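Colleague: Sequence below, structure please.
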Amino acid sequence: MNKFIGVLLILVLAASCKKEMEPIVKITTEYGDIKIRLYDKTPKHRDNFLKLVDEKFYDGLLFHRVINHFMIQGGDPTSKNAGPDVMLGEGDVDYRIDAEFVPEYFHKKGVLAAAREGDDTNPERKSSGAQFYIVQGNVYSPEQLEATVKSINERRKMALYGRLKNQYKDEFARLQEANDSEALNELSEKLTRVCDSLFVNEEFVLTEAQKQAYTTVGGTPHLDGQYTVYGEVIEGLDVLDKIAAVKTNSFDRPVKDVVIEKIRR
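Modeller: Predicted structure coming up:
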């Protein structure tokens, strides 16, 4: 028994040391500093972010998209010295990063995640090479969280059915032109059955860790599994809240620029 406890302690200490060895970066703003630990289990995103940090790529860029109780987003290279009326968010580097979805990393408050283009043009959900966001989100009651999960699954199921229906668009068009309502109903029922069987693998189900986080520190559960999470704030959640609360215009850009003065290891 003593040997077992000794081995267990060694494993716990090793895991703790590994976590402490993960790289840390500091974002400096006029609102204060935000320290972020980058996950080793998302090495492509970790290494890319560190590369850009070392190149001082982010120095002088803006948090160009800020939505209170949701997130703050930065990393658009065109935001540096951008005029006050310029709509930002389209700028990027000339590459994308393969998605790195790790089940234990989800959108609780304070996580760092990669922005990306939508599924219609980016079905593999590859990440932007430069743009990132830090989650603020909301704290949910158990009932609110349950309703949110139900809503997420309804939207996902509708999206899945839409993709399936698009595969049969020519057949639907032919039957509609022939005014064959019986065949149309049969095809619709067939797609519904296929959708139900496939959705088992896409259904959004929360782990106990997610439930605990979303009902205590908060977050944005509807983004889970959609965007790569690759780090988390270890100091400066109050700074996140200050930035998230700034006044913004109609396209979510802060009225007074929120500048990323620098990011350093």
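
Colleague: which regions of this structure sit below the pLDDT cut-off?
Modeller: For the chain, the stretches with pLDDT under 70 are 1-19.

Colleague: rerun at 90
Modeller: By pLDDT under 90, the low-scoring segments of the chain are 1-20, 85, 119-120, 201-202.

Colleague: Show me how it divides into domains.
Modeller: With domains defined by automatic domain parsing, the chain comprises 22-139+217-264, 143-199.

Colleague: got a list of what the residue nearest to residue 67 when sequence neighbours are not counted touches?
Modeller: Spatially, and ignoring its direct neighbours in sequence, residue 67 is nearest to residue 252 (5.5 Å; CB to CB, 6 or more residues apart in numbering). Backbone N, C-alpha and C define where each C-beta goes, glycine included. By CB atoms under 8 Å, 6 or more residues apart in numbering, the contact list for residue 252 reads 65-67.

Colleague: Redo these as TSV? Include secondary structure.
Modeller: Compiled in TSV, these are given as follows (DSSP: H, G, I helix; E, B strand; the rest coil):
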residue	secondary structure
65	strand
66	strand
67	strand
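
Colleague: got TSV for those residues, with neighbour count too?
Modeller: Below are those laid out as TSV (neighbours: other CB atoms under 10 Å):
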residue	neighbour count
65	23
66	23
67	13
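
Colleague: wait, is the residue nearest to residue 67 part of a strand?
Modeller: No - assigned with three-state DSSP, residue 252 falls outside any strand and is coil.

Colleague: can you tell me how far it sits from residue 66?
Modeller: Distance, residue 252 to residue 66, using CB to CB, to the nearest Å: 6 Å.

Colleague: Give me the buried positions along the longest helix along the chain.
Modeller: In the chain, ranked by residue count with DSSP state H as the criterion, the top helix is helix 142-167. For helix 142-167, a neighbour-count test (16 or more other CB atoms under 10 Å) marks 145, 148-149, 152, 156-157, 160-161 as buried.

Colleague: wait, which of those is closest to residue 230?
Modeller: Nearest to residue 230 among these is residue 152, at 21.8 Å by CB to CB.

Colleague: quick one: the closest one and residue 223 touch, right?
Modeller: No - Residue 152 is beyond contact range of residue 223, at 9.7 Å (criterion: CB atoms under 8 Å).

Colleague: residues making contact with stretch 201-208?
Modeller: Residues outside stretch 201-208 that contact it (CB under 8 Å, 6+ apart): 103, 145, 149, 152-153, 156-157, 160, 214, 221, 224-225.

Colleague: From residue 241, how far out is residue 32?
Modeller: Separation of residue 32 from residue 241 (CB to CB): 10 Å.

Colleague: for residue 23, that is, sorry about that
Modeller: For residue 23 relative to residue 241 (CB to CB), the value is 24 Å.

Colleague: Next, the distance between the ends of stretch 256-265.
Modeller: For stretch 256-265, the separation between the terminal residues is 27 Å (CA to CA, to the nearest Å).

Colleague: and that stretch, which residues are buried?
Modeller: Neighbour-count burial for stretch 256-265, counted by 16+ other CB under 10 Å, picks out 258-260, 263.

Colleague: which residues of the stretch 1-150 of the chain fall in strands?
Modeller: Using DSSP state E, counting those that start in this stretch, the strands of the stretch 1-150 of the chain run over 24-29, 32-38, 63-67, 71-74, 96-97, 111-114, 127-128, 132-135.
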